[in-house]
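> Generate a structure from the sequence data that follows.
(one chain, ligands or ions: 1)
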Amino acid sequence: GAGSVANTPEAGDVEYLAPVTIGGQTVNMDFDSGSSDLWVFNTQLSLNTLSGHMAYNPAQSSTFQLLPGSTFSISYGDGSGAAGNVGTDTVNIGGATVTGQAIELATDVSTSFVTDTQSTGLIGLAFSKLNTVKPVQQKTFFDNALATLPEPVFTADLRHNAAGTYEFGAIDSTKFSGPLAWTPVNTTSGFWQFTSQAFAVGGGAPSTSVPGGQAIADTGTTLMLADQSVVDGYYSQVQGAVNNATVGGVTFPCSATLPDLQIDVGGTMATVRGDDINFAPVDQTGTTCFGGLQATTVQPQIYGDIFFKSNFVAFNGGNNSLGVAPH
Ligand SMILES: O=C(NNC1=NCCC1)c1ccc(Br)cc1
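Have a look, this model is predicted:
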């Protein structure tokens, strides 16, 4: 059946956590459409590493089974990472249930995960070809659930500083306005990748030549990382915007009025609200603010949580497409 869970933004909308029940143990996890491993903090880790975290205890689960000799090791785009061994267990997300799901048990996690005590791990929702388990690659929860879901979909409804929803197996049309605009996904990269080759600022004339012209939908990335041409075009319309090498990106006066960004998603222009592009102050006085739209010098572009806060997104694993609508 379908499953629906509330998600909650951590402070500053840095990431979005939602409850996952593994072998009867409910832990909060970061749902990541930009990767394909399900890994958890667990009782193998040192007490220092576990301090403040919830942990999955495989010994307390009657349905856990070790996968002897299996290991994982994953690195994320922000340089964080985790590694460890692997078993299987039953996973239930708001009622959507998979038995025999690969549960990757971290024995090593990078610092940013240790300090992020509200997160017990990540659940990858990109394509299984990116899964890092060896010697036998494992499937994602969504991949395993596909055949039993009423509809072969999951949806992300992320909000600024408020609870949203992750849903598996159904599209709740009360969560967005207007029709979903569907675009085909190119699964070659293993990401939810689509064509995005135009943008407009504040309803102005669209540019139609973004180099590379590809983007991925990534709930695991906090910001929206776009081609330099998009970033330059957008912030040229923001008084006082500067490339601030000290903080590592574009900043502007917190008092600035930010225009909306229209961005191409497979031929339909989606809107990212200007308010959502004002990400956070960088100073104690709240004078200078850091942009939620920043540049990436590599392809594809990465449309992270900043994009999702303005757009409800449906991920269709049945026909490999993405549906987008304002919310
Ligand atoms: O790692 C990625 N997304 N997920 C997460 N980031 C930080 C923790 C989880 C990522 C995905 C695709 C590309 Br292209 C670059 C980065």
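> Name the helix or strand for residue 18, please.
Secondary structure assigned from DSSP states H and E places residue 18 in strand 16-22.
> next SSE after that strand?
Later in the chain than strand 16-22, the nearest helix or strand by DSSP H and E is strand 25-32.
> any idea of the angle that following strand forms with strand 16-22?
Interaxial angle, strand 25-32 versus strand 16-22 (axes from the mean of the first three to the mean of the last three CA atoms, to 10 degrees): 140 degrees.
> now the helices: where do they sit in the stretch 1-150 of the chain?
Here the stretch 1-150 of the chain has its helices, by DSSP state H, counting those that start in this stretch, at 47-50, 111-115, 141-145.
> what do you get for the stretch 151-300 of the chain?
For the stretch 151-300 of the chain, the helices defined by DSSP H, counting those that start in this stretch occupy 228-235, 274-277.
> Of those helices, flag the one that's most buried.
With neighbours defined by mean count of other CB atoms under 10 Å, none of those is more surrounded on average than helix 274-277, at a mean of 21. To be clear about C-beta, it is placed using only N, CA and C from the backbone, and glycine gets the same treatment.
> Format the CA atom coordinates belonging to it as CSV.
Extracted C-alpha coordinates of helix 274-277, given in CSV (Å, rounded to 0.1, in the frame of the first residue of the first chain):
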residue,chain,number,x,y,z
GLY,A,274,12.6,35.1,-4.5
ASP,A,275,11.9,34.7,-0.7
ASP,A,276,13.2,31.1,-0.9
ILE,A,277,16.5,32.3,-2.5
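> what's that helix in contact with?
If you take CB atoms under 8 Å, 6 or more residues apart in numbering as the criterion, helix 274-277 is touched by 160, 202, 224, 234, 257-261, 291-293, 306, 309-310.
> Can you say which of the helices of the stretch 151-300 of the chain is nearest to residue 284?
Of all the helices of the stretch 151-300 of the chain, it is helix 274-277 that lies closest to residue 284, at 21.8 Å by CB to CB.
> So what's the model's average confidence on the closest one?
Helix 274-277 carries an average pLDDT of 98.
> Also stretch 211-218?
Mean per-residue pLDDT for stretch 211-218: 96.
> check contacts around the residue of the stretch 1-150 of the chain found nearest the ligand.
As assessed by CB to the nearest ligand atom, the ligand sits closest to residue 77 within the stretch 1-150 of the chain, at 2.3 Å. If you count contacts by CB under 8 Å, 6+ apart, residue 77 has them with 34, 221, 302.
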